[in-house]
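Asks: Sequence first, then the predicted structure:
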Amino acid sequence: MKKHTVYFLLLLAVAALSFASCKNNADYRKTKSGLMYKIFSSTKDSAVKPGNIMKLNFTIKVGSSDSVLKTTVGESPAFIPVQEVPADAYSQLEVFNMLHKGDSAVIVQLIDTILKKTQQPLPPFFKKGDKIITTVKVLDVFTSPELATKDRDAEGVKEKARQEKQMEADLVKGDADMATWLSGKSIKAEKTGKGTYVLIKEQGTGPKADTGKYVSVRYEGKTLNDGKVFESNMDPQKQPYTFQLGVPSDRSPIRGWEEGLLSFKKGGKGTLYIPGALAYGKNPPPNSPFKPNEALVFDIYLVDVSDTAPAMARPQQQELPPQIREQMERQMREQQQKQQQQKPAH
C-alpha cells in the first residue's frame with residue numbers, strides 16, 4: 001500500500017451520521033485548498049489548538065461504491081495530534097483544526113484533485129471522478145501527551161478484551177470448518193489449546209518446547225483451501241525463525257504457533273493446521289496475502305529448544321533482509337577470528 005494511501009486510511013474518526021449525497025456541493029463549505037466539509041456542532045467549547053491531541057472515531061469510504069476503507073467504530077479510537085497545516089495541503093487535518101470536543105464532521109476529497117496535487121498513482125479502487133468521504137466524531141480533546149497516553153492505554157485494555165471476544169466467536173466457526181476439512185482429507189490431527197490441530201510426524205528427542213524456552217523453527221506456510229505456499233525458510237541457507245515461546249514481544253508468532261509447538265521436542269517435525277482466528281484473524285496485516293480469518297497450514301521442523309537466546313538469532317539481526325544479515329554474521333565471524341589470532345600465547 002502506498003505511503004499516501006496509508007495516510008488516508010489511518011487519519012480519522014467516524015460520527016454516527018447518515019450523511020447526504022455529495023452531489024449537492026452547495027451544502028458544503030471549502031477550505032483554502034478546496035477541501036469540502038460540513039461540521040455539526042452543538043458545543044461552546046474552544047476549538048482545538050496545536051499541541052492538543054484529539055480522540056476520534058472515524059470512517060473512510062469510497063464515494064461511488066459506499067465501501068468502507070477504514071473505520072474505528074466498534075474498535076479502538078484514533079489519537080491525532082493537532083498541528084499546523086499548509087494552506088494547500090488538501091488534507092483532513094485542515095478541518096480537524098476547526099473542531100471542538102463533541103463535534104462531528106463530513107470531509108470530502110475529490111480523487112481528481114488528489115491526483116493533480118500529488119502527481120502520484122493511487123490504488124486501483126480509486127477511480128477518476130470519485131470521492132473519498134471521511135466522517136468524524138471528536139470524542140475528547142487532551143491538552144497534554146500524558147493525559148492522552150493514559151486514555152489511550154485504557155482504550156487499549158478495552159480493545160484487547162474486545163478482540164478476545166471477537167476471536168472466540170470467530171473460532172467457533174473456524175474450528176468447525178477445520179474439523180470438517182481434516183475429516184474430509186482423512187487427516188488424523190489432534191486439537192490443542194484453543195483450536196490448533198497438530199499432526200506429529202516425528203516427536204523429537206531433545207528438550208521439550210515449553211513456555212519461556214527459546215525455539216528455532218524451520219517452516220513452510222500454506223493457505224488451507226488452495227495449498228498455496230506464501231512463505232518458507234526450509235532452505236538451509238536461510239535462518240530459522242527464533243523467538244521465546246509464550247513471551248509477548250515483537251518477535252512473537254501467531255497464536256496457533258504458540259499452541260502447536262508445545263506438542264514437540266527438539267528435532268520434532270509435523271504440521272500445524274491453524275484456524276483463521278488463531279492466525280491473522282479478521283484484520284490481516286496490510287499488503288499480506290491473507291483473507292480475513294483465513295485458515296493456514298505450516299509444515300514445521302523444530303531445529304532447537306534452549307533456555308537462552310541463540311547468539312546468532314538476535315531479534316535485530318533477524319529483522320534484516322537475509323543478504324544483509326548473512327553479511328553481518330560473516331563479518332562478526334571474521335572479527336572473532338582476528339581477535340583470537342591477536343590474543344597473546346600463554
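Replies: On my side now, so go ahead.
Asks: just the helices in this protein please.
Replies: Here the chain has its helices, by DSSP state H, at 3-10, 93-96, 111-118, 145-184, 255-260, 315-318, 322-342.
Asks: need the contact list for the closest residue in space to residue 301 that isn't next to it in sequence.
Replies: Spatially, and ignoring its direct neighbours in sequence, residue 301 is nearest to residue 218 (4.4 Å; Cβ to Cβ, 6 or more residues apart in numbering). Placement of C-beta: from N, CA and C, glycine included. Residue 218 makes contacts with 233-234, 240-241, 300-301, 303, as judged by Cβ atoms under 8 Å, 6 or more residues apart in numbering.
Asks: Ok, residue 129 next?
Replies: Going by Cβ under 8 Å, 6+ apart, residue 129 touches 111-112.
Asks: State the pLDDT value of it.
Replies: You'll see residue 129 listed with a pLDDT of 88.
Asks: where's residue 162 relative to residue 76, distance?
Replies: Residue 162 sits 8 Å away from residue 76, taking Cβ to Cβ, to the nearest Å as the criterion.
Asks: Repeat that for residue 244.
Replies: Counting by Cβ to Cβ - residue 244 and residue 76 are separated by 27 Å.
Asks: ditto for residue 223
Replies: Residue 223 is 28 Å from residue 76, by Cβ to Cβ.
Asks: remind me which residues of the protein are low pLDDT?
Replies: Regions of the chain meeting the criterion pLDDT under 70 cover residues 1-26, 312-346.
Asks: domain parsing for it?
Replies: 3-143, 186-313 (automatic domain parsing).
Asks: Those domains into TSV, with extra columns for distance to residue 178?
Replies: Formatted as TSV, these follow (distance: least, Cβ to Cβ, whole Å):
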stretch	distance to residue 178
domain 3-143	26
domain 186-313	5
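Asks: right, and the ones you listed - which one's nearest residue 177?
Replies: domain 186-313 (7.0 Å; Cβ to Cβ).
Asks: just so I have it, where are all the strands in the stretch 201-346 of the chain?
Replies: Assigned by DSSP state E, counting those that start in this stretch, the strands in the stretch 201-346 of the chain fall at 214-223, 229-232, 241-244, 269-274, 296-306.
Asks: Would you convert the ones you listed into CSV that also reports distance to residue 174?
Replies: Listed next are these as CSV, based on distance: least, Cβ to Cβ, whole Å:
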stretch, distance to residue 174
strand 214-223, 14
strand 229-232, 18
strand 241-244, 24
strand 269-274, 9
strand 296-306, 11
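Asks: Compare neighbour counts for residue 162 and residue 76 and give me the winner.
Replies: residue 76 (16 against 13; other Cβ atoms under 10 Å).
Asks: burial count for the nearest residue to the more buried one once chain neighbours are set aside?
Replies: Using Cβ to Cβ, 6+ apart and skipping the chain neighbours, the partner closest in space to residue 76 is residue 159 (3.9 Å). Applying other Cβ under 10 Å, we find 15 residues neighbouring residue 159.
Asks: Residue 159 touches residue 77, doesn't it?
Replies: No: the pair residue 159 / residue 77 is not scored as a contact, 9.2 Å apart, by Cβ atoms under 8 Å.
Asks: residue contacts, residue 247?
Replies: 211-212.
Asks: Pick out the residue nearest the middle of the chain.
Replies: Ranked by distance to the mean C-alpha position of the chain (Cα atoms, centre = their mean), the top residue is residue 285 at 4.2 Å.
Asks: Tell me the spacing between that residue and residue 292.
Replies: Where residue 292 is concerned, residue 285 sits at a distance of 12 Å (Cβ to Cβ).
Asks: Likewise for residue 179?
Replies: From residue 179 to residue 292 the distance is 20 Å (Cβ to Cβ).
Asks: Could you do residue 207 as well?
Replies: 37 Å.
Asks: Which one of these two is surrounded by more residues?
Replies: With neighbours defined as other Cβ under 10 Å, residue 207 and residue 292 compare such that residue 207 has more, 16 against 11.
Asks: wouldn't that one be in contact with residue 267 here?
Replies: No: at 9.6 Å, residue 207 does not count as touching residue 267 under the criterion of Cβ under 8 Å.
Asks: Pull the residues that contact stretch 302-315.
Replies: Under the criterion Cβ under 8 Å, 6+ apart, residues 204, 206-210, 213-218, 239-240, 242, 244, 249-251, 261, 264-269, 329 lie in contact with stretch 302-315.
Asks: In PyMOL, how would I select the buried members of those?
Replies: Remark: buried members of the contacts of stretch 302-315, expressed as a PyMOL selection using 16 or more other Cβ atoms under 10 Å:
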select buried, resi 204+207+208+209+213+214+215+216+217+218+239+240+242+244+251+261+264+265+266+267+268+269
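Asks: can you pull the contacts of residue 222?
Replies: Contacts of residue 222 by Cβ under 8 Å, 6+ apart are 228-230, 296-299.
Asks: ah, wrong one, I meant residue 151
Replies: Under the criterion of Cβ under 8 Å, 6+ apart, the neighbours of residue 151 are 55, 79, 140, 142.
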